[in-house]
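K.L.:
Sequence below, structure please.
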Amino acid sequence: MSRRLSLLTPSGRLTLGNLLGALRPMRAAQAEADCFYGISDLHALTTPRSPETLRGAITEQATLLLAAGLDGSTLFRQSRVPAHAELAYLLECVATTGELGRMIQFKEKSRRQDSVRASLFTYPVLMAADILLYRPTQVPVGDDQRQHLELTRDLALRFNTTYGEVFTLPEITVPPAGARVMDLAEPDRKMSKSGPDGGSIALLDPPDVVRRKVARAVTDSETGPDAVRAARAAKPGVTNLIEILAACGGSADGITTYGALKTAVTDAVVAELEPLQERYRALAADPVHVTEVYARGAERCREVTAPVLAAARSAMGL
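P.N.:
Predicted coordinates for the structure are as follows:
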């Protein structure tokens, strides 16, 4: 059976975009692959946040992954598998400052701040360690992470050439088309769990909050029977609403006004989130069960990653 790996960083509240673009495909993959799904809590430390905020985000995300139906996978927290941090250092001894400095995300994030943590510069190496430890055959990745996965392949190839064959070069797979959910207020950018709250629908938003956010979603000034149509360049806001509606099982066929479109989107999103929220409430009432699931997952991860780390250490002469 093939092996797949995905990690999500608890940098904010999981959104409808995460559900449609990541969690649903992850759930579907469980039927055909040995899946390892993790919470990359070490990556969350690249930007300042209080310990209380981080703990709360980790707990909520861990429970949501279970509520989303990922219980057929090995679920784990990155920080509970020490091999991640150790292999990251070994790979830092293979990476160069030049290639890390070329990472687009680092350039963009550091440009907006006077000072950034060193971990923001090196986190693509930790991401490479996350991947290479599990020797996955496929790693689903969006456009914003493609450069990092290409770096992972470069580091694996360089390590294998320099020290001997240890790592499997992962194959890049592209998430299903149409899974890219854009921000409701700024439809030219992706809906983000760490972005402004007004344009993102959180998975735990109650129906009245969903209704308010969709009602405020950006459309345009066009009127007439053809106003409700998909045209990404000319009508990004309307297109985003139509695609969200379709992804939640609805259709814009026959809808001619933006008000009717927003009503249909609200109803479809609320219906999509309702069963997940019910499962979340049940799991949140039994935190011991959630803890045990992740503890078992971390134990399996330690077993799986130990031989890979040992091989890397030995190959480098340690």
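K.L.:
ok, now how distant is the residue nearest to Asp41 when sequence neighbours are not counted from Ser40?
P.N.:
Spatial nearest neighbour of Asp41, chain neighbours left out: Ser79 (4.9 Å); criterion: CB to CB, 6 or more residues apart in numbering. Glycine gets a C-beta too; all of them are placed from N, C-alpha and C. For Ser79, the distance to Ser40 (CB to CB, to the nearest Å) stands at 9 Å.
K.L.:
Neighbour count: those two, which is higher?
P.N.:
Between Ser79 and Ser40, counted using other CB atoms under 10 Å, the more crowded position is Ser40 (22 against 18).
K.L.:
Next one, pLDDT for that one please.
P.N.:
Each residue has a pLDDT score; the one for Ser40 is 97.
K.L.:
Next up, the contacts around it.
P.N.:
Contacts of Ser40 were listed using CB atoms under 8 Å, 6 or more residues apart in numbering, and they are Leu7, Leu8, Thr9, Pro10, Gln78, Met127, Asp130.
K.L.:
Show me those residues that map onto strands.
P.N.:
Among the contacts of Ser40, the members found in strands (DSSP state E) are Leu7, Leu8.
K.L.:
Closest one to Leu90 out of the contacts of Ser40, please.
P.N.:
Checking these against Leu90 with CB to CB, the nearest one is Asp130 at 13.3 Å.
K.L.:
now Met182: how far from Ala57?
P.N.:
From Met182 to Ala57 the distance is 23 Å (CB to CB).
K.L.:
And the helices in this protein?
P.N.:
Assignment of helices within the chain using DSSP state H yields the ranges 16-18, 24-29, 51-67, 83-92, 97-101, 104-111, 118-132, 146-163, 207-215, 236-247, 258-284, 287-315.
K.L.:
Turn these into JSON lines, including mean neighbour count and mean pLDDT.
P.N.:
Below are the helices of the chain laid out as JSON lines (neighbours: other CB atoms under 10 Å; pLDDT from 0 to 100):
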{"stretch": "helix 16-18", "mean neighbour count": "24", "mean pLDDT": "94"}
{"stretch": "helix 24-29", "mean neighbour count": "18", "mean pLDDT": "92"}
{"stretch": "helix 51-67", "mean neighbour count": "18", "mean pLDDT": "97"}
{"stretch": "helix 83-92", "mean neighbour count": "19", "mean pLDDT": "98"}
{"stretch": "helix 97-101", "mean neighbour count": "12", "mean pLDDT": "91"}
{"stretch": "helix 104-111", "mean neighbour count": "13", "mean pLDDT": "75"}
{"stretch": "helix 118-132", "mean neighbour count": "22", "mean pLDDT": "94"}
{"stretch": "helix 146-163", "mean neighbour count": "17", "mean pLDDT": "93"}
{"stretch": "helix 207-215", "mean neighbour count": "16", "mean pLDDT": "97"}
{"stretch": "helix 236-247", "mean neighbour count": "22", "mean pLDDT": "95"}
{"stretch": "helix 258-284", "mean neighbour count": "17", "mean pLDDT": "98"}
{"stretch": "helix 287-315", "mean neighbour count": "16", "mean pLDDT": "98"}
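K.L.:
Looking at those, spot the one closest to Asp197.
P.N.:
Minimum separation from Asp197 across the helices of the chain (CB to CB) falls at helix 207-215, 8.5 Å.
K.L.:
what's the angle between that closest one and helix 258-284?
P.N.:
Helix 207-215 and helix 258-284 are oriented at 140 degrees to each other (axes from the mean of the first three to the mean of the last three CA atoms, to 10 degrees).
K.L.:
got the CA positions of helix 207-215 in CSV?
P.N.:
C-alpha atoms of helix 207-215 as CSV (Å, rounded to 0.1, in the frame of the first residue of the first chain):
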residue,chain,number,x,y,z
PRO,A,207,-24.9,29.4,11.4
ASP,A,208,-25.6,33.1,12.3
VAL,A,209,-21.9,33.9,11.9
VAL,A,210,-21.7,32.1,8.6
ARG,A,211,-24.8,33.9,7.4
ARG,A,212,-23.3,37.3,8.3
LYS,A,213,-20.0,36.6,6.6
VAL,A,214,-21.5,35.3,3.4
ALA,A,215,-23.9,38.3,3.3
